[in-house]
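Colleague: here is a sequence with its predicted model. Questions after.
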Amino acid sequence: MKHTRPANRSAGFSILELLLVLVILGILAGIVIGNFGGQSKKAKITAAKAQLSSLEMALGSYEIEIGEYPSTQEGLAALRERPSSVSEDDYRTGGYLTKDIVNDEWGNPWQYKYPGIRNEGGYDLYSFGPDGKEGGDDDITNWSEDED
């Protein structure tokens with residue numbers, strides 16, 4: 001009598017093999033998502049620095065034409081609407097910014113002080129950064145951090 005071997009199992013994957021593949025895919029997805037999460041923070045910081053640069057250029061134009069920077073009380077709003085302390089003849093028609101001043105990338109208003117504390121003879125312009133609090137190493141500023 002001839003013994004025949006049982007027919008081979010079906011050619012599919014076992015549940016263990018499928019679970020192993022799912023675990024590997026989950027780990028890879030976690031790594032990829034983690035890397036993209038960091039990119040979002042970096043992109044917001046870059047955008048905030050670009051916004052700060054735009055405000056600095058507008059403040060520079062204002063200072064050249066008016067002779068001084070807006071006071072702390074006048075604030076950045078002076079770049080869009082003529083302060084009462086400035087004559088109509090001196091103030092640029094349409095202001096010094098083409099668009100309204102928006103909050104920083106984290107939804108907080110830009111901080112402006114003139115005369116500046118950090119920039120002697122100039123102004124301080126900064127964002128509290130991602131944590132929304134003054135101080136720390138995440139503030140976006142118009143002064144060098146090595147001046148602390």
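Modeller: The structure has been received and is ready for your questions.
Colleague: and the worst-scoring helix or strand of the chain on mean pLDDT, what does it pack onto?
Modeller: One helix or strand of the chain scores below all others by mean pLDDT, DSSP states H and E: helix 15-66, with a mean of 85. Here helix 15-66 touches strand 124-127, strand 140-141, going by 3 or more C-beta pairs under 8 Å, 6 or more residues apart in numbering; DSSP states H and E. To be clear about C-beta, it is placed using only N, CA and C from the backbone, and glycine gets the same treatment.
Colleague: give the buried residues for stretch 114-129.
Modeller: Buried positions in stretch 114-129, judged by neighbour count with 16 or more other C-beta atoms under 10 Å: 114, 116, 118-119, 122-129.
Colleague: what is the mean pLDDT for that stretch?
Modeller: Per-region confidence: stretch 114-129 scores 93 on mean pLDDT.
Colleague: now do that stretch: distance from first to last residue.
Modeller: 20 Å (C-alpha to C-alpha, to the nearest Å).
Colleague: try stretch 103-123
Modeller: Stretch 103-123 has an end-to-end distance of 18 Å (criterion: C-alpha to C-alpha).
Colleague: contacts for that stretch next, please.
Modeller: Residues outside stretch 103-123 that contact it (C-beta atoms under 8 Å, 6 or more residues apart in numbering): 44-45, 47-48, 51-52, 55, 59, 69-72, 75-76, 101, 124-130, 132, 134, 140-143, 147.
Colleague: distance check, Ile33 against Ser53.
Modeller: 31 Å (C-beta to C-beta, to the nearest Å).
Colleague: same question, Gly67
Modeller: Going from Gly67 to Ser53 by C-beta to C-beta gives 23 Å.
Colleague: ok, which of the helices and strands packed on helix 15-66 comes nearest Glu17?
Modeller: If you check each of the helices and strands packed on helix 15-66 against Glu17 by C-beta to C-beta, strand 140-141 wins as the nearest, at 50.0 Å.
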